[in-house]
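[1] Below is the sequence, then the predicted model.
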Amino acid sequence: MEGADEGVDRVVDSKDLQQQSKALDKLTDHVEDRQLDSSRVQTAMASIAASKEADWNAMRMRERELAAVKINSADVDIIANELELDKKVAERTLREHKGDAVAAIRSLLH
């Protein structure tokens, strides 16, 4: 009967070894997935940084374009006083409409 018990132990040991092997495979798969995920994260972060820099450059270019627009300071005062706005808001709106006071006022009223 002792020989029969040894056969059962070997079967159990074989099942334990298979389970341990599967657990180890899952663990290594998880580590490999994390490494792949970290490379994706790095790629995504680089893409975000490039996009942010492009947005920043576009904003700077837009500000330069607006600063180059010649506006009449009397128009700024009239818009600010009549519409009860801050002068900076009135000036920016006027610049966005290429100095056209009527278009700026229409924009602010709609």
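    Nice, I can see it. Numbering: from 1, shown residues only.

[2] most centrally placed residue in this structure?
    Most central in the chain under CA atoms, centre = their mean is Ile48, positioned 5.7 Å from the mean C-alpha point.

[3] ok, it to Asn57 distance?
    The gap separating Ile48 from Asn57 is 15 Å, by CB to CB, to the nearest Å. C-beta: built from backbone N, CA, C; applies to glycine.

[4] Ok, Ala44 next?
    Distance, Ala44 to Asn57, by CB to CB: 20 Å.

[5] With Gln19 instead?
    Distance from Gln19 to Asn57, by CB to CB: 57 Å.

[6] Specify the local secondary structure of Lys70.
    coil (DSSP: H, G, I helix; E, B strand; the rest coil).

[7] so it touches Gly99, yeah?
    Yes: the pair Lys70 and Gly99 qualifies as a contact (CB atoms under 8 Å) at a distance of 6.1 Å.

[8] which SS class is Lys98?
    What three-state DSSP gives for Lys98 is coil.

[9] next helix or strand past the worst-scoring helix or strand of the chain on mean pLDDT?
    Using mean pLDDT, DSSP states H and E, the weakest-scoring helix or strand in the chain turns out to be helix 2-68, at a mean of 77. Downstream of helix 2-68, the next assigned helix or strand under DSSP states H and E is helix 73-82.

[10] tell me what that next one is packed against?
    When contacts are defined as 3 or more CB pairs under 8 Å, 6 or more residues apart in numbering; DSSP states H and E, helix 73-82 sits against helix 87-96, helix 101-109.
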